[in-house]
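> Turn this into a model:
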Amino acid sequence: LLIHLFLCMFCSSSECKGEDKVIQEQGDVIAAEGDTVTLGCQYESSVTNNYLFWYKQDGNNSPKFILSRVSGDDGNTADEFKERFSSTLDSSIRSVPLKIQKLQLSDSAVYYCALQPTVTGNSEFKNRD
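Below is the predicted model:
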């Protein structure tokens, strides 16, 4: 039983500039049920504070949030993915790989890595209560 994982990357933010991007050189991944795979995602950004996200899209469904990372293991992981999906953001090498353990047939999907650079101290972004 083989599981097919396809990766796509994008940068989605008003702060994204030409030099802000995610890079995926791995392409399609084919693995067996029960295996562990790591899907690579490297990024380039003009700012130092970045949020990285992983999403899963299967069939004709909308992409589903898996997790986000701001630094190291800090961030959120959706409850349904907490047991087998993990990621650590390494800002020194600008990498946020997604590790999937105990692969299941239902893991066959398109996986998106997304970058959202954030700017702190910008007067344009004020909280209006």
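
> I figured residue 31 hits residue 101, correct?
No: under the contact definition of C-beta atoms under 8 Å, residue 31 does not touch residue 101, with a separation of 11.2 Å. For the C-beta atoms, the positions are set from N, CA and C on the backbone; glycine is no exception.

> For those two, work out which one has more neighbours and name it.
Summary of the neighbour comparison: residue 31 and residue 101, criterion other C-beta atoms under 10 Å, with residue 31 having more neighbours (17 against 13).

> Just list whatever residues bridge to the more buried one.
Under DSSP bridges, the beta-bridge partners of residue 31 are residue 3.

> Next: residue 86.
Beta-bridge partners recorded for residue 86 (DSSP bridges): residue 99.

> That one and residue 99 touch, don't they?
Yes: applying C-beta under 8 Å, one finds residue 86 in contact with residue 99, separated by 4.9 Å.

> Without its sequence neighbours, what residue ends up closest to the spatially most central residue of the chain?
With the centre of the chain defined as its mean C-alpha position, the nearest residue by C-alpha atoms, centre = their mean is residue 54, 2.6 Å away. Nearest residue to residue 54, sequence neighbours excluded (C-beta to C-beta, 6 or more residues apart in numbering): residue 66, at 4.3 Å.

> Could I get the full set of strands for the protein?
Read by DSSP state E, the chain holds these strands, from start to end of the chain: 2-11, 21-23, 29-32, 37-39, 42-44, 50-57, 64-71, 74-77, 85-87, 98-100, 109-117.

> burial of the residue nearest to residue 54, as a residue count?
Residues near residue 66, counting by other C-beta under 10 Å, number 23.

> Can you find the helix or strand in this protein with the smallest mean pLDDT?
Ranking every helix and strand in the chain by mean pLDDT, DSSP states H and E puts strand 2-11 at the bottom, with a mean of 51.

> from the middle of its chain, how far away would stretch 41-56 be?
8 Å (C-alpha atoms, centre = their mean, to the nearest Å).

> Please save the CA atoms from that stretch in CSV.
As requested, the backbone C-alpha atoms of stretch 41-56 are provided in CSV (Å, rounded to 0.1, in the frame of the first residue of the first chain):
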residue,chain,number,x,y,z
CYS,A,41,10.0,23.4,3.5
GLN,A,42,12.6,26.1,3.4
TYR,A,43,11.9,29.8,3.2
GLU,A,44,13.4,33.1,2.4
SER,A,45,12.1,36.2,4.1
SER,A,46,13.0,39.9,4.3
VAL,A,47,12.0,40.0,8.0
THR,A,48,13.1,38.1,11.0
ASN,A,49,9.7,37.3,12.6
ASN,A,50,7.9,34.7,10.5
TYR,A,51,4.9,32.5,10.9
LEU,A,52,5.1,29.2,9.0
PHE,A,53,2.0,27.1,8.4
TRP,A,54,1.3,23.6,7.1
TYR,A,55,-2.0,22.7,5.4
LYS,A,56,-3.4,19.4,4.0
